[in-house]
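*Asks:* Dropping a prediction and its sequence here:
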Amino acid sequence: MDNQTVTAVVPQTETAAASRDLSPILDIKNLQVSFFMERGIVRAVRGVDLTLHRQTTLGLVGESGCGKSVTAMAVMRLIKSPPGKIVDGEILLHRKDQATVDLVKLDPGGTEMRAIRGDEIAIIFQEPMTSLNPLRTIGNQISEAVMLHQNVGEKEGMVRAELMLEKVRIAAPKQRVREYPHQLSGGMRQRAMIAMALSCNPSILIADEPTTALDVTVQAQILDLMQDLQSDFNSSILMITHNLGVVSQIADFVAVMYLGKVVEYAPKRPLFKTPLHPYTVGLLKSVPVLGRKTDKLVPIKGMVPSLKEEMRGCAFASRCPHVKAICHEQAPELRELQPDHYAACWLY
């Protein structure tokens, strides 16, 4: 965990979810993604079940290598093949026109999937310098997305680019549209990426560790900005992070992943207040919290099993302080144990 960027894991005031349309916009069912390598099969995602509701933020958390980013890339249909492949599952997008489409069944390079990327689902990556073209101006890169999906000309595309830079609170947008990525600070580049992602008013915004490379002050500004823009654009956000402080600030719902599976899912407040899965409990105990006196942090014992291993029982069994015999024999299903609170654990 990046302890330097964790400010608190105590949930803030819940958003007014009751006033929003909480119907599903994205349903992921039994998603399995494997990478077929020369030295064996890497089972990166092992049956993920997730629901993202309209106009809400879902925080997807877990240790590095647990499959969070692979899940996001699968939703975008950007898994490089070979060696990667979606082995099983459904990714159901409930579209703007009320139709439902299974993204797994679409050709990743086909016309329909290309139209969905950017127009209905957009993604912000962790490091904007690897996502922005260093040889093109910021304005050209934003306007290209607008021209591609909104069927407008170059002049109108540049006007939209300037407007989006203003919306993400970049000073002097008329100047910045003519500048190159290296001329912007890290925080400004991330804002430019957000502007590009939101330029076509997508229904879903996937943010893959969008604040990891930023200092704490800029991180807070970016999170505040994303919350404000979510309200403006009525979008849903899938926030992928290992930072529980980020989740406590921005998420409405939280899904905890471990070794390619979701082991707990709940609204933010119940999950932080009464975590049910031993892995979630371990995560919360291993993070420093402002105002909480403690002599030392409590790490999760043991090592994460290899993604190449076939898992017969619970993947967390070798590290769990409450392990039972059945944990080594049979994998628990994700079940609703309290209202809207799901966990996959034989303790219950």
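*Replies:* On my side now, so go ahead. Numbers count the residues shown, from 1 in each chain.
*Asks:* Assign residue 69 to helix, strand or coil.
*Replies:* Under DSSP: H, G, I helix; E, B strand; the rest coil, residue 69 falls in the helix class.
*Asks:* Counting neighbours, what do you get for it?
*Replies:* Neighbourhood size, residue 69 [other Cβ atoms under 10 Å]: 18. Using the backbone N, CA and C atoms, a C-beta is placed for each residue, glycine as well.
*Asks:* Quick check: it touching residue 241?
*Replies:* No: Residue 69 lies out of contact with residue 241 (Cβ atoms under 8 Å); the separation is 10.5 Å.
*Asks:* which neighbours do these two share?
*Replies:* Common contacts of residue 69 and residue 241 (Cβ atoms under 8 Å, 6 or more residues apart in numbering): residue 209.
*Asks:* what's the burial count for residue 127?
*Replies:* Neighbours of residue 127 (other Cβ under 10 Å): 16.
*Asks:* State the distance from it to residue 63.
*Replies:* 19 Å (Cβ to Cβ, to the nearest Å).
*Asks:* do the same with residue 22
*Replies:* Distance from residue 22 to residue 63, counting by Cβ to Cβ: 29 Å.
*Asks:* got it, and residue 157?
*Replies:* Distance from residue 157 to residue 63, by Cβ to Cβ: 41 Å.
*Asks:* Looking at those two, which one has more neighbours?
*Replies:* Set side by side, residue 157 and residue 63 show more neighbours around residue 157, with 21 against 15, by other Cβ under 10 Å.
*Asks:* Thought residue 146 was touching that one, still the case?
*Replies:* Yes: assessed by Cβ under 8 Å, residue 157 is found in contact with residue 146 at 4.4 Å.
*Asks:* now the longest helix belonging to the chain, how far from the centre of its chain.
*Replies:* As assigned by DSSP state H, the longest helix anywhere in the chain is helix 216-233. Its chain's C-alpha centre and that of helix 216-233 lie 15 Å apart, by Cα atoms, centre = their mean, to the nearest Å.
*Asks:* And the average pLDDT for it is what?
*Replies:* Averaging pLDDT along helix 216-233 gives 83.
*Asks:* Touching it from outside, list them.
*Replies:* The contact list for helix 216-233 (Cβ under 8 Å, 6+ apart) reads 4-5, 7, 55, 57, 167-169, 186-187, 190-191, 194, 198, 201-202, 205, 207, 210-211, 214, 235-237, 246, 249-250.
*Asks:* Just the CA atoms of that helix, as PDB, please.
*Replies:* Taking C-alpha atoms only, helix 216-233 is exported to PDB below (Å, rounded to 0.1, in the frame of the first residue of the first chain):
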ATOM      1  CA  VAL A 216      -1.100  14.500  -1.900                       C
ATOM      2  CA  THR A 217      -2.300  18.100  -2.600                       C
ATOM      3  CA  VAL A 218      -2.700  17.600  -6.300                       C
ATOM      4  CA  GLN A 219      -4.300  14.200  -5.600                       C
ATOM      5  CA  ALA A 220      -7.000  15.800  -3.500                       C
ATOM      6  CA  GLN A 221      -7.700  18.400  -6.200                       C
ATOM      7  CA  ILE A 222      -8.100  15.800  -8.900                       C
ATOM      8  CA  LEU A 223     -10.500  13.800  -6.800                       C
ATOM      9  CA  ASP A 224     -12.600  16.900  -6.000                       C
ATOM     10  CA  LEU A 225     -12.600  17.700  -9.700                       C
ATOM     11  CA  MET A 226     -13.800  14.200 -10.700                       C
ATOM     12  CA  GLN A 227     -16.600  14.400  -8.200                       C
ATOM     13  CA  ASP A 228     -17.700  17.800  -9.500                       C
ATOM     14  CA  LEU A 229     -17.500  16.600 -13.200                       C
ATOM     15  CA  GLN A 230     -19.500  13.500 -12.400                       C
ATOM     16  CA  SER A 231     -22.300  15.700 -11.100                       C
ATOM     17  CA  ASP A 232     -22.100  17.900 -14.300                       C
ATOM     18  CA  PHE A 233     -22.000  15.000 -16.800                       C
END
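*Asks:* Pull out the CA atoms of stretch 158-172 and give them to me as CSV.
*Replies:* Below are the C-alpha coordinates for stretch 158-172, written out as CSV (Å, rounded to 0.1, in the frame of the first residue of the first chain):
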residue,chain,number,x,y,z
MET,A,158,-10.8,22.8,-31.0
VAL,A,159,-13.5,25.0,-29.5
ARG,A,160,-14.7,21.9,-27.5
ALA,A,161,-11.1,21.1,-26.5
GLU,A,162,-10.7,24.6,-25.1
LEU,A,163,-14.0,24.4,-23.3
MET,A,164,-13.1,21.0,-21.7
LEU,A,165,-9.7,22.4,-20.5
GLU,A,166,-11.7,25.2,-18.8
LYS,A,167,-14.1,22.7,-17.2
VAL,A,168,-11.2,20.7,-15.7
ARG,A,169,-9.9,24.0,-14.2
ILE,A,170,-6.7,24.4,-16.3
ALA,A,171,-5.7,28.1,-16.3
ALA,A,172,-5.3,29.9,-19.6
